[in-house]
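**Student:** One predicted model, sequence on top.
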Amino acid sequence: MWYFGAGLVDGGANGFTNDISLAFCDTSIAAGAGDSTSSTDYCVKAPASLNKTYFAVLQKEAWTGKLKIGHNTNTDSVFQAGTQPINVPTRYYIGSTSNAKANAEPSFFDGYIACVLVYNKILSSAEKIILENYLSAKYNIPLKDNDIYQFDEPHAGNFDFELIGIGKANDGASQLSARGEGMIELNNISELNKGEFMFIGHNGKTLASAKGNLPTGIQYRLDREWICSKTGGSPKVDLIIDPKNISEIDSKDLRLIIDTDNDGSYAMEKIGEGVIEISEVTRDGRYIFRSVNLKHGNHFTLGKVNKDSFNSEADYFSPNGDGVSDTYYIPYAGKADIYDRNGKHIKTLTTPAFWDGTNNGGELLPPGIYFLNVNEDLQKTVTLIR
């Protein structure tokens, strides 16, 4: 993470004046700052090695001239660096010990830099914590402070891909929406106390379909799974999905599937609890699941409703409490009216839903043939047995 105000530019400045650079070496990280009359190099001694991955922070405040440098979330060292303007075209260096006054060849870092992140503002404490956890998960870098995300280790499943987060730091600074490189965005979290954060990361698997470990009525789910890491309470949040890479699943058929009890299985999840339909589609074609209650450690994925099971042939179910075919699943979104063989209306369901063999009053119905009318255009014959 390397901050400076004007952007990474080569403005064709004369010489190397007004330079701010970040250097790496075996025993320290260094930041150099110079103005038109002097040149200064500052060094933070931190155990660092060319054979070990780490990240550094360089931050310059335009209004104070203070230069801060830090290493793997260690407390920043702060220096008064003079009055170099950072909002004018100039030349900046990453991985060098350039000296504006000595007029000598600078030393350059001889190694690999995985990425450079540049911001045109000073990040808040909440933004820094989220970013540091993202970098820690992505590059397997241990954090000294604020190591909040807990599912990026092998024993936890290596959910360290495309991590995003929202939260509120102890100083009250907050970041309340997150949209990273992946297909999921977090927004509209219901409430956050100081020190509470939510992170979402996935296991790196493809978006191909998987046929095992499915709730009733789901044809298939994505092989990719996400996990929720939270501190504090359990506020609800909107999950927004960019469907461009899963275009084969229509919005009416897509379901969010959550392992609500963290038992490693989706098979027993119920409609409206662990199986959730889309709340709305945005103008730009993204899908919104509103006010989702994700708890710490919940795995979740996306699946497609199995409409093929809803056909013109008679179906059977036996709501006798033995755990086998106790409910009948109606996958279509809309309304289902249920009638007995004499044409008497006995129940109305908002679908998709499971029918448990009861009437509108919750009373168990006798065995027999029942007729379902879904959305006034689909008919189904169902046999209830006990």
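**Tutor:** Perfect, thanks for sending it. What you see is a predicted model, and the numbers here were worked out from it, not measured in a lab.
**Student:** Flag the shaky bits of the stretch 151-300 of the chain, pLDDT-wise.
**Tutor:** 234 (pLDDT under 70).
**Student:** what about Gly204, neighbour count?
**Tutor:** By the criterion of other C-beta atoms under 10 Å, Gly204 has 13 neighbours. C-beta: built from backbone N, CA, C; applies to glycine.
**Student:** What of Asp242?
**Tutor:** A total of 16 residues lie near Asp242 under the criterion other C-beta under 10 Å.
**Student:** again, but for the one 3 residues further on
**Tutor:** For Asn245, the tally of surrounding residues (other C-beta under 10 Å) stands at 13.
**Student:** list the contacts for it?
**Tutor:** Asn245 is in contact with 183, 207, counting by C-beta atoms under 8 Å, 6 or more residues apart in numbering.
**Student:** That one in helix, strand or coil?
**Tutor:** helix (DSSP: H, G, I helix; E, B strand; the rest coil).
**Student:** What separation is there between it and Gly182?
**Tutor:** Per C-beta to C-beta, to the nearest Å, Asn245 is found 10 Å from Gly182.
**Student:** Also Ile330?
**Tutor:** According to C-beta to C-beta, Ile330 stands 32 Å off from Gly182.
**Student:** and Asn133, helix, strand or coil?
**Tutor:** Per three-state DSSP, Asn133 ends up helix.
**Student:** Of Ile330 and Gly182, which one has the most company?
**Tutor:** Between Ile330 and Gly182, counting by other C-beta under 10 Å, Ile330 is the more crowded of the two (26 against 18).
**Student:** And for Gly264, the neighbour number?
**Tutor:** Gly264 has 9 nearby residues by other C-beta under 10 Å.
**Student:** what's the helix or strand for it?
**Tutor:** Under DSSP states H and E, no helix or strand contains Gly264.
**Student:** leaving aside the residues next to it on the chain, what's closest to it?
**Tutor:** On the basis of C-beta to C-beta, 6 or more residues apart in numbering, the spatially nearest residue to Gly264 that is not a chain neighbour turns out to be His299, at 7.7 Å.
**Student:** Hmm, Asp263 and the one you found touching each other?
**Tutor:** No: using C-beta atoms under 8 Å, His299 is not in contact with Asp263; the gap is 9.9 Å.
**Student:** between the two, who's got more neighbours?
**Tutor:** Each of His299 and Asp263 has its neighbours counted (other C-beta under 10 Å); His299 has more, 23 against 10.
**Student:** who's in contact with Arg179?
**Tutor:** Shown in contact with Arg179 (C-beta under 8 Å, 6+ apart): 164, 185-186, 240.
**Student:** And the longest strand anywhere in the chain, what does it pack against?
**Tutor:** Ranked by residue count, the top strand of the chain under DSSP state E comes out as strand 328-340. With contacts taken as 3 or more C-beta pairs under 8 Å, 6 or more residues apart in numbering; DSSP states H and E, strand 328-340 sits against strand 345-355, strand 368-374, strand 378-384.
**Student:** make it 6 Å
**Tutor:** In terms of contacts (3 or more C-beta pairs under 6 Å, 6 or more residues apart in numbering; DSSP states H and E), strand 328-340 is packed against strand 345-355, strand 368-374.
**Student:** Identify each buried residue in it, please.
**Tutor:** Within strand 328-340, the residues that count as buried by 16 or more other C-beta atoms under 10 Å are 328-333, 336, 338, 340.
**Student:** And stretch 258-272, by the same measure?
**Tutor:** Applying 16+ other C-beta under 10 Å to stretch 258-272 flags 258-260, 266, 269, 271 as buried.
**Student:** With stretch 190-208 instead?
**Tutor:** For stretch 190-208, by 16+ other C-beta under 10 Å, it's 192, 196-203.
**Student:** Domains in the protein, by residue range?
**Tutor:** Domain assignment for the chain, taken from automatic domain parsing, gives 1-122, 125-307, 311-384.
**Student:** Report the next helix or strand after the helix or strand hosting Gly165 in sequence order.
**Tutor:** Per DSSP H and E: Gly165 is located in strand 161-168. Next along the chain after strand 161-168, taking DSSP H and E as the criterion, comes strand 174-175.
**Student:** strands paired with the helix or strand following that following strand, and their directions?
**Tutor:** Counting by DSSP H and E, the next helix or strand C-terminal to strand 174-175 is strand 178-179. Next to strand 178-179 in the sheet, as set by DSSP bridges, lie strand 184-187 (antiparallel).
**Student:** Following the chain past the strand it pairs with, name the next helix or strand.
**Tutor:** The helix or strand immediately downstream of strand 184-187 is strand 197-202, counting by DSSP H and E.
**Student:** For the residue of the chain most remote from its centre, list the residues it contacts.
**Tutor:** In the chain, the residue that sits farthest from the middle, by C-alpha atoms, centre = their mean, is Asn342; the gap is 51.9 Å. Asn342 makes contact with no residue, according to C-beta atoms under 6 Å, 6 or more residues apart in numbering.
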